[in-house]
Structures are given as C-alpha cells and as structure tokens.
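Visitor: Return atomic coordinates for the entry below.
(one chain, ligands or ions: 2)
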Amino acid sequence: MAKAITTFNCNKCGTVHKKWAGRCDGCGEWNTIVEEAPLSTGPSKKSLGGMRGKKIPLADLSGQEAPPARTSAKMPELDRVLGGGLVEASAILVGGDPGIGKSTLLLQAAASFARVGLKVIYVSGEEAKAQIRMRAQRLNLADAPVQLATETNLRDVLTTLEAEKPDLVIIDSVQTMWADNVESAPGSVSQVRAVSHELTTFAKRNGTSVILVGHVTKDGQIAGPRVVEHMVDTVLYFEGERGHQFRILRAVKNRFGPADEIGVFEMTGTGLAEVTNPSALFLSERDEPAAGSVVFAGIEGTRPLLVELQALVAPSSTAQPRRSVIGWDAGRLSMILAVLEARCGISFAGLDVYLNVAGGLRITEPAADLAVASALLSAREDIALPADTVVFGELSLSGALRAVGQMENRLKEAEKLGFRTAIVPTRSKLSGPPEINLRQMRDLIGFVGEVFGAE
Ligand code: TYD
Ligand code: MG
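Guide: Numbers count the residues shown, from 1 in each chain. Ligands and ions are numbered 1, 2, ... in the order given. Here you go, the predicted structure:
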C-alpha cells in the first residue's frame with residue numbers, strides 16, 4: 001500500500017507543496033505554509049477504473065420544479081441580499097474583517113428568524129455564553145427563542161444538530177471549528193475545507209440552512225482556500241470603513257438570487273439598524289457645494305443609489321505624484337486620468353490626486369467614470385458643480401461617452417431626492433422625470449467645454 005504523504009499547504013491560496021518553504025510559490029506570501037496530514041480517501045485505494053459503481057439515474061431538463069422554499073427574516077435589507085429570504089437547505093458564507101459586525105448581524109438575523117418561527121441554533125467558537133448573552137441584551141434580543149452553544153468540536157456540533165434538527169444553524173466562525181479526523185490546527189486549509197464540507201453536506205441532507213462566518217485576511221479574501229466559496233450556495237461580504245457607521249452586506253455569489261445585491265446597515269449603540277433609503281443617508285453628510293465634490297447616480301444590485309464622490313488635486317512634492325483611491329478601482333482612475341490627458345489635453349502630471357467615495361461605500365460600476373472625471377476636473381479647476389446636479393456615464397478610451405444601464409431609474413431616484421440637473425451620456429429617446437433638466441453629452445471634450453467652460 002502506498003504510504004500516505006503529508007503535504008504542505010499554503011494557508012492563503014491553497015497551493016500544495018511537497019516540502020515546507022518560507023515563501024509560497026503560488027501567491028508569494030511569506031510564512032503561510034503549514035504541514036497537513038493527507039485527507040483519508042476511504043478503505044479502498046484502488047483506482048476508480050477497476051471498480052464498478054452504481055448507475056446514476058438521468059433526468060431531462062423539462063421537469064417541473066417548485067421554487068425553493070424561502071423564509072423572510074422580516075429584515076428587508078438582509079432578505080433582499082439573500083434574494084428574497086432564506087432558502088431552505090442552503091449554505092451561506094458571510095465574510096468580513098474582524099470587528100466589522102458579523103456576530104452582531106448574525107445574532108440579529110438568528111433572533112429574527114427564530115421570531116418568525118424557525119428553529120435556530122447559534123454555535124459560537126469565539127465567545128463565551130456570557131458575552132453573547134450580554135450582546136443579546138444590548139440588542140434587545142434576549143427573549144428571542146434562539147438556542148445557543150459555545151463549542152469548537154465539529155463532531156459534537158454535528159451530533160447535536162442531528163438530534164435537534166434545526167431549520168437554521170449559524171457557525172461563528174468556520175475558522176474556530178475543528179474536525180478531529182483531520183490532523184491540523186483549526187483555521188488551517190484542511191480544517192476549514194473539512195468543516196465547511198461536513199456542514200454543507202449536513203445542510204443538504206437534513207434540510208437545514210447553514211450560515212458560516214468566515215474571517216477575511218488583510219487583503220480581503222476569506223481565510224482558507226477559495227474552495228469554501230465554491231462549496232456554498234451564497235457568499236456574502238460584510239464591509240465598511242471602521243470609522244464609519246455604515247455597513248454594506250454585499251452578495252458576491254448567489255445561486256438563489258441576483259449577485260451584486262447590497263443591503264445597507266448603520267451600526268448604532270444598540271446594534272445594526274437597517275437603512276431603507278440609503279441615498280438620503282449617504283448624501284445627508286454632504287456639505288455646501290464644493291470644488292471636487294460630485295454626486296453620482298449609481299445602481300447597486302437592483303436599487304438606485306446616489307453617492308458623493310470627492311476628489312482633491314494638489315501640487316505634488318515628490319517626483320512620483322500620489323494616486324490614492326478609497327472606494328473605487330485604482331486602475332480605472334489611471335485610465336480616466338489618461339483619457340483626460342490624451343483626449344482633452346488636461347494633464348495631472350506633477351499633481352497628487354486623491355479620490356474618495358463618501359460614507360465608506362465601494363463602487364464597481366464603470367457608469368461612475370463621468371462622475372469621477374467631473375470630480376477630478378472640478379477639483380483641478382476649483383469650480384464647484386451646482387448642488388442640485390447628478391452625473392453618470394461610462395467613458396471609452398476614445399473619449400466618447402457611453403450610455404449605461406437603467407438610466408431612467410437613476411434619474412427617478414435623483415428627482416426623488418431633490419436633484420434638478422443630470423449630466424448624462426446621449427441616448428436616443430431618453431426621457432427622465434419632467435423636473436430634471438437633462439444635459440446629454442456625446443464625448444468628454446464636449447463635456448469639458450460645456451460644464452467647465454474650457455476648450
Ligand atoms: P462584532 O459583531 O463582534 O464583529 P465581528 O463578529 O465581525 O468581529 O462587532 C464588533 C463591533 O461592533 C464592536 O467594535 C462594537 C460594535 N458594536 C456596536 O457599535 N453596537 C452594538 O450594538 C454592538 C453589539 C457592537
Ligand atoms: Mg465575531
């Protein structure tokens with residue numbers, strides 16, 4: 001019989017090495033490689049080709065399936081991100097930085113689901129019962145019928161779940177759980193993989209929904225291999241700036257609903273409050289019209305969202321001017337600076353550029369291009385746009401402006417919040433609310449000339 005071979009796996013990217021090394025070849029990270037015992041592959045080690053398996057029944061595509069059973073948490077922001085409520089027997093991974101509020105969110109979710117009649121078990125491997133009870137009191141949830149366990153041994157957790165048959169179990173966190181058939185430390189790749197596999201299998205077999213909490217490494221990936229993300233049905237990230245009270249729950253994968261949907265929360269002294277009108281909140285911090293500040297009419301998931309972009313342009317004291325971005329893609333910023341220079345002759349050489357999305361939100365839409373360009377120009381020329389103006393549109397490398405999706409919805413949201421002018425790409429038959437003065441632009445040169453009065 002072949003000898004079982006120990007492997008050395010990178011904790012960060014999951015690359016398997018034959019021997020230990022200080023630096024991983026896969027991701028280049030230092031000190032991430034740990035020794036791990038091989039996974040057991042069952043009693044027979046013969047190749048599969050030599051053995052007969054059983055024949056699998058095949059089906060055609062036309063069969064009628066009922067839509068999956070869903071339960072609403074009566075927390076609209078959470079329900080929307082889940083695609084309309086919690087799907088029975090689904091496995092969900094919730095990732096986020098330590099301290100961002102995952103345990104708070106999930107204790108609130110556990111209480112909500114328990115109050116609408118689900119049997120909910122909350123397993124914590126991180127905190128003592130007293131701590132969780134204190135949090136429950138602070139959140140005013142102490143009377144919710146949630147069953148609590150503090151345990152890290154997966155075997156005991158599974159035995160308990162098998163006996164209790166809950167509708168929903170929350171595991172906080174997957175990095176603290178420990179499967180005793182895998183010989184490596186909790187939080188290692190094989191442990192995280194084994195724990196996630198056991199729990200998702202349990203979910204499918206017993207009709208229990210499982211929510212796994214996963215910590216995120218400093219560069220924003222869920223610790224442990226990507227393989228966990230493939231195992232589960234839904235991956236949600238809980239994000240936000242530490243100093244800000246806003247928290248965004250973002251679906252990055254959802255087998256049961258649209259990905260890219262977001263839910264907006266505000267961290268208060270008594271837990272997370274849902275923000276049902278995020279545009280008003282994101283704009284409420286806005287001061288008087290200032291150079292460099294522009295309101296972008298965006299779409300997050302299925303919902304329009306207005307946010308303020310802020311740019312600062314200042315003479316640089318170094319040979320290599322700074323390009324600093326918070327809440328947007330740095331590569332996309334460089335592209336816009338290059339288009340401004342190449343197509344309009346407006347150079348940012350020798351100038352430091354800072355770009356910030358207000359409120360700690362992160363925007364991924366190319367539709368923000370024109371708003372970013374406006375903020376940069378407004379900061380550089382020291383000309384403020386009128387306070388009642390919103391901007392959106394995608395910029396191509398040629399300097400042309402492209403129409404973007406859901407233009408009417410963006411305009412409607414702007415109108416609702418009191419905006420009266422919209423600077424947008426030209427599109428035939430575009431009709432906004434009558435209150436809005438539409439300024440349609442064909443390209444960046446025309447835009448610069450009209451809005452900033454330059455050639
Ligand atoms: P927590 O849910 O423990 O974060 P995680 O599980 O992601 O590590 O939340 C931690 C932070 O939230 C902590 O710094 C305190 C803050 N917080 C509030 O501001 N209000 C509250 O009601 C609660 C429970 C926590
Ligand atoms: Mg926690």
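
Visitor: Ligand 1 contacts on the stretch 101-250 of the chain?
Guide: Proximity of the stretch 101-250 of the chain to ligand 1, by C-beta under 6 Å from any ligand atom, involves residues 101-104, 135, 138-139. The way it works is simple: take the backbone N, C-alpha and C, and place the C-beta from them, glycine included.

Visitor: Just the CA atoms of the worst-scoring helix or strand of the chain on mean pLDDT, as PDB, please.
Guide: Of all helical and strand segments in the chain, the minimum by mean pLDDT, DSSP states H and E falls on helix 278-284, at a mean of 79. Extracted as PDB, the C-alpha positions of helix 278-284 are listed here (Å, rounded to 0.1, in the frame of the first residue of the first chain):
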ATOM      1  CA  PRO A 278     -29.500  54.700   1.600                       C
ATOM      2  CA  SER A 279     -29.300  57.600  -0.900                       C
ATOM      3  CA  ALA A 280     -30.700  60.000   1.600                       C
ATOM      4  CA  LEU A 281     -28.300  58.700   4.200                       C
ATOM      5  CA  PHE A 282     -25.200  58.800   2.000                       C
ATOM      6  CA  LEU A 283     -26.000  62.300   0.900                       C
ATOM      7  CA  SER A 284     -27.000  63.600   4.300                       C
END
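
Visitor: So the chain: which segments form each domain?
Guide: Structurally, the chain divides into domains by automatic domain parsing as follows: 1-42, 71-276, 281-452.

Visitor: Lowest mean pLDDT across the ones you listed, which one is that?
Guide: Among the domains of the chain, domain 1-42 carries the lowest mean pLDDT, a mean of 77.

Visitor: Let's have the domains of the chain in TSV, adding mean neighbour count.
Guide: Below are the domains of the chain laid out as TSV (neighbours: other C-beta atoms under 10 Å):
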stretch	mean neighbour count
domain 1-42	14
domain 71-276	19
domain 281-452	18
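
Visitor: would you turn those domains into TSV with distance to Lys55?
Guide: Below are the domains of the chain laid out as TSV (distance: least, C-beta to C-beta, whole Å):
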stretch	distance to Lys55
domain 1-42	20
domain 71-276	22
domain 281-452	43
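
Visitor: Could you identify the most distant pair in the residues of the stretch 101-250 of the chain next to ligand 1?
Guide: Lys102 and Arg138 (15.9 Å; C-beta to C-beta).

Visitor: so what's Asn9 up against?
Guide: With contacts defined as C-beta atoms under 8 Å, 6 or more residues apart in numbering, Asn9 is in contact with 15-17, 33-34, 36, 188-190.

Visitor: where does it land in three-state SS?
Guide: Per DSSP: H, G, I helix; E, B strand; the rest coil, the secondary structure class of Asn9 is strand.

Visitor: Can you name the next helix or strand after the least confident helix or strand of the chain?
Guide: Next helix or strand after helix 278-284 toward the C-terminus (DSSP states H and E): strand 293-300.

Visitor: Run the chain-centre distance for that following strand.
Guide: The chain centroid and the centroid of strand 293-300 are separated by 18 Å, computed with C-alpha atoms, centre = their mean, to the nearest Å.

Visitor: helices and strands around it, which ones?
Guide: For strand 293-300, the elements it packs on are strand 303-315, helix 369-381, strand 389-391, helix 407-416, judged by 3 or more C-beta pairs under 8 Å, 6 or more residues apart in numbering; DSSP states H and E.

Visitor: which one of the domains of the chain lies closest to Leu61?
Guide: domain 71-276 (17.1 Å).

Visitor: now do the same end-to-end measure for the closest one.
Guide: Domain 71-276 has an end-to-end distance of 20 Å (criterion: C-alpha to C-alpha, to the nearest Å).

Visitor: Also stretch 430-448?
Guide: One end of stretch 430-448 to the other measures 22 Å (C-alpha to C-alpha).

Visitor: List the contacts of it.
Guide: In this structure, residues lying in contact with stretch 430-448 by C-beta under 8 Å, 6+ apart are 339-340, 343-344, 346, 370, 373, 377, 393, 395, 398-401, 403, 407-408, 411-412, 414-415, 419-427, 450-451, 454.

Visitor: Same question for stretch 145-153.
Guide: Here stretch 145-153 makes contact (C-beta under 8 Å, 6+ apart) with 107, 110-111, 114-115, 119-125, 127-129, 132-133, 136, 157, 160, 164, 166, 176-178, 180, 186.

Visitor: Which ones among these lie within helices?
Guide: Mapping those onto helices (DSSP state H) picks out 107, 110-111, 114-115, 129, 132-133, 136, 157, 160, 164.

Visitor: now the helices and strands packed on strand 293-300 as JSON lines including distance to ligand 1?
Guide: JSON lines is the format used below for the helices and strands packed on strand 293-300 (distance: least, C-beta to the nearest ligand atom, whole Å):
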{"stretch": "strand 303-315", "distance to ligand 1": "23"}
{"stretch": "helix 369-381", "distance to ligand 1": "31"}
{"stretch": "strand 389-391", "distance to ligand 1": "32"}
{"stretch": "helix 407-416", "distance to ligand 1": "29"}
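
Visitor: Just the residues contacting stretch 329-347, thanks.
Guide: By C-beta under 8 Å, 6+ apart, stretch 329-347 touches 323, 325, 348-349, 353, 355, 364, 366, 369, 372-373, 376-377, 380, 395, 397-399, 443-445, 448, 454.
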